[in-house]
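# predicted model and sequence follow; I will ask about them next.
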Amino acid sequence: MSQPRILCLHGTHQDAEIFSQRLQQLKKKLADVELLFVDAPVAMAKQEGEDVAMRTWWEDGDASGMAAAVLHVKSLREASTCVGVLGFSQGAALTAALLKDAGLPDIKFGILAGGMVTDSEWSGRCAKQGSDVPTLHFAGKTDTLVPLEASKRLAGKFNNSVFIEHDAGHIVPQGVVCVDAIMSFLRSNLPQVALNEDVAEEIQGLCDVFQEEVEWKEGEPIFSHVHTIEDGKLQGCKIRTTMQLTRSYPEEPPIFTYEEVKGTPGWLVKAIWYARFRDSVQEEAEMNAGCPMLYTLVEKVKEAIGEISCEQDSKEAAGEVNLGVEAETEEEKHENARNATEAIQSMNLTEDDWADAWGKGGRWKYVIGLVGKPSAGKSTLFNAATGDATAARVAAFPFTTIEPNTGDALCPIPCICQKADVECAAEHGHAADGSRFVPVKVRDVAGLVPGAYQGRGKGNKFLDDLNDADVLIHVVDASGLTNSEGESKEKSNSDDVLEEVRWVRREIHQWIYTNVSRKWVALKKKPQRLPIMFTGYHATENMVRLAAKKAGITSLEMETLHSWGPLKLHLLVAAFIRIRFPVVVAMNKCDLPSAKENVQFVRSQLPNEAIMELSADIETQMLKLRDAGELVYKVGSVPEGELPPHVREYLESHDGTTGVTKVMSTSITLRPATRVFPVCDPSTLGSYGGKPLYHSFHLTPGSTALDLFKVMSNSGLLEGDFVRSALVSLEDRSSQIIKKTDPLPQDCTPHIMTNRKSKWQQKDKPSI
């Protein structure tokens, strides 16, 4: 029961890879069918802008070209395993020839788009008599390359043909109407899954053992088993398990679906699937691969139902009553938040975790959010980071910032040129230590005060402004000379500074927790909506599932919220914040005497936090001196010129830096991107435009070569179609071909090869 194959023949001036990309929508619909794309044998001369030579089945004017192409396809070992052929343009003409020759005996049908055959090409093809092989033909009303009437004439050469006109041009149509026509055609012509004698006997054996519990129509590759709970609180409840056999059974397990029979609680079905069966079915199937396993799997489901039923009875007998999230008091809410935050403080995330959290590749335009209480120095840090001493208003009173300030900044990252033997021409230059500057956005929002999640200060407006941020820099007044409201005080206290570090994160925690808990009654009825509640914070549902995993919450528990207590939801929120809003603590105002002791104390109490020292004020003073022409200075570099004594003293005691660029670079490591440095000339590492290693991109973790192709196309660096991708070695400039679907490694130099579209391809729409 192997997966059926359809041979796919591309048009002239294409190849298998490009044709595969053209059929993306159709491929998604044909998940149970393998599309086999093959290259034509004749390489065409490269045209301007092409990295790879395109292919054709035969050259124009070659009288024997079609016959040679037929022989070539018949010689392909893979072609002999196909049950149908799909051809486009010249490939459609070749498809017609293959069907008329009956050269591939297992071919049962053909799909032809934009095809035509001249009389000279058709001569000798089975004496022109009609063919009974079912064919489906598409022709575009606006096709300027193959006239509509020519495609109709080709369809007329087959006795069992269907002809469909579409409104586009020279393409394989993939709009709803045409795709539905293809699906209907395939349902009628694809060979059905036929049960072999052994599998049929196995299902019949189940019917003999379980009798009326099994529902099966003889000969079909699908059956259901209905299990009734015989005792306990859930006595009489029924679960129907349906097993759909795949074409590869018993090498692959059946596909399972569950449904409750009337009167059975829905949570029981989810409990069986998530907790009792899903995680173990793969192990069981692997143990029985190649052998009959249906009886074993049915018994496993029955066992799972029995365990769930017994557990429910035990809980009720023990009087375990869960008051739930709704019954939590305000005092308990703060206590649970603190305990949950401490519990996940040492949570670690791997590269695979980040890739799973995103679930989608593409460009990542970093936004760094600056948070903190009023007068902590957020706006000063904003000015320092953006290199403009006057970009945001700075004043010695709370809530100087009302509306968020957003600006562009340059953030240093490790540069790949340090591993290469060429002089790098980084687009945005280098810092003094050789790191490479990349652009990021910085967002400075209104000051936060205790109780903001309840509306105090700027309230939820402040919190909503954070949604655009990828990472947060929590700006703390390390001097300890302002209180939680941002008002000045005379004496510094290390405990107050420590509390300042803690309560900002608690405010974010309570903001999210309160928003979710308000909907808890409704969520218990529809637990599948719980991950959706977090997507409003610019998060993916995968991030929520990863947070649940890191918080020790099982898949079953995510689907059965009736058993949750408040602490479990707090744990989920705390883990989610660690993933969605990672925080670096910027201990600002370290040029003031009281800061040193406070920084040491906070680090001793929070060893797992990223805590950085800086003085945004010293940085902005140097920017002002630069603007006045008294200093030569670029953010992240060593200043040249006469410095005021207090500035020089601070730099000498802090490794020659104000700490601003270190805070920026540290922040983006907390939510790491995949850094890539694409090249178009492997021999020189020349980037697009000729300069070596000029471009760099931040991609979401797990991004592939195809994702990078789309990013570069949208940026105007590439034109045409993706053809091939390779990784270039910095050592010997050799290239290693990689799959377009493989995740790109960190700090790689990919070479994306493309071909420009022909004029007829550029004009036509991709689908109807």
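Right, received. Where do you want to start?

# quote the end-to-end distance of stretch 355-365.
The first and last residues of stretch 355-365 sit 16 Å apart, counting by Cα to Cα, to the nearest Å.

# over to stretch 740-753?
With Cα to Cα as the measure, stretch 740-753 spans 11 Å from end to end.

# just stretch 521-538 next, same as before
End-to-end distance (Cα to Cα), stretch 521-538: 24 Å.

# quick one: strands adjacent to the host helix or strand of His474?
Using DSSP states H and E, His474 sits within strand 471-477. The strands beside strand 471-477 in its sheet (DSSP bridges) come out as strand 367-371 (parallel), strand 583-588 (parallel).

# packing partners of the helix or strand following the shortest one?
Proceeding C-terminally, strand 367-371 gives way to helix 378-386 as the next helix or strand, assigned by DSSP H and E. Using 3 or more Cβ pairs under 8 Å, 6 or more residues apart in numbering; DSSP states H and E, the elements in contact with helix 378-386 are strand 367-371, strand 405-413, strand 436-444, strand 471-477, strand 583-588, helix 616-627, helix 660-669. Yep, even glycine has a C-beta here, placed from its N, CA and C like the rest.

# what's the angle from helix 378-386 to strand 436-444?
Using axes from the mean of the first three to the mean of the last three Cα atoms, to 10 degrees, the inter-axis angle of helix 378-386 relative to strand 436-444 is 160 degrees.

# ok, Glu499 - contacts?
By Cβ atoms under 8 Å, 6 or more residues apart in numbering, Glu499 lies in contact with Ser484.

# deepest of the strands paired with strand 471-477, which one?
strand 583-588 (a mean of 26; mean count of other Cβ atoms under 10 Å).

# and the helix or strand following it, what's buried?
Counting by DSSP H and E, the next helix or strand C-terminal to strand 583-588 is helix 595-605. By 16 or more other Cβ atoms under 10 Å, the buried positions in helix 595-605 come out as 595, 598-599, 601-602.

# list the contacts for the residue nearest the centre of the chain?
Centrality entry for the chain: nearest residue to the mean C-alpha point is Lys360, 1.6 Å, by Cα atoms, centre = their mean. With contact taken as Cβ under 8 Å, 6+ apart, Lys360 is in contact with 540, 700.

# quick one on the thing from earlier: out of the strands paired with strand 471-477, nearest to Val298?
Nearest to Val298, of all the strands paired with strand 471-477, is strand 583-588, at 50.2 Å by Cβ to Cβ.

# what kind of secondary structure is the residue nearest to the centre of the chain in?
At Lys360 the chain is in coil, as set by DSSP: H, G, I helix; E, B strand; the rest coil.

# distance of it from Thr700?
7 Å (Cβ to Cβ, to the nearest Å).

# mind listing the shared neighbours of those two?
Contacts common to Lys360 and Thr700, judged by Cβ under 8 Å, 6+ apart, are absent.

# what lies in contact with the strand holding His474?
With Cβ under 8 Å, 6+ apart, strand 471-477 has contacts from 366, 368-373, 375-378, 381, 466, 497, 500-501, 504-505, 581-589, 602, 616, 663-664, 667-668, 670-671.

# now the next helix or strand after that strand: mean pLDDT?
Sequence-wise, the next helix or strand downstream of strand 471-477 (DSSP H and E) is helix 494-517. For helix 494-517, the mean pLDDT works out to 88.

# what does stretch 293-308 give?
On average, stretch 293-308 scores 76.

# could you do stretch 645-658 as well?
91.

# can you report how many residues lie near the residue nearest to Ala53 when sequence neighbours are not counted?
Spatial nearest neighbour of Ala53, chain neighbours left out: Ala43 (4.5 Å); criterion: Cβ to Cβ, 6 or more residues apart in numbering. By other Cβ atoms under 10 Å, the residues close to Ala43 number 13.

# may I ask which helix or strand encompasses Gly180?
Small correction: residue 180 is Asp, not Gly. Applying DSSP H and E, one finds Asp180 within helix 176-189.

# I'd like the next helix or strand past that helix.
helix 197-210.

# list the buried residues of that next one.
Result for helix 197-210 [16+ other Cβ under 10 Å]: buried residues 199-200, 202-203, 206, 210.

# does anything pack onto it? Which helices or strands?
strand 214-216, strand 222-228, helix 294-317.

# chain center to the very next helix or strand once past the last one: distance?
Next along the chain after helix 294-317, taking DSSP H and E as the criterion, comes helix 330-343. A distance of 32 Å separates the centroid of the chain from that of helix 330-343, by Cα atoms, centre = their mean, to the nearest Å.

# got it, and stretch 49-57?
31 Å.

# quick one: mean pLDDT over that stretch.
pLDDT averaged over stretch 49-57 gives 89.

# which residues are in contact with that stretch?
Taking Cβ under 8 Å, 6+ apart as the rule, stretch 49-57 contacts 9-10, 12-15, 18, 39-47, 65-66, 69, 72, 90-91, 94, 719-720, 723-724, 753-756.

# mind listing what's buried along that stretch?
Going by 16+ other Cβ under 10 Å, stretch 49-57 has these buried residues: 50-52, 54-57.

# strands - which of those residues land there?
55-56 (DSSP state E).

# now flag whichever of the buried residues of stretch 49-57 is closest to Val679.
When the buried residues of stretch 49-57 are compared against Val679 (criterion: Cβ to Cβ), the nearest one is Asp51, at 12.1 Å.

# what separation do you get for that closest one and Asp15?
From Asp51 to Asp15 the distance is 12 Å (Cβ to Cβ).
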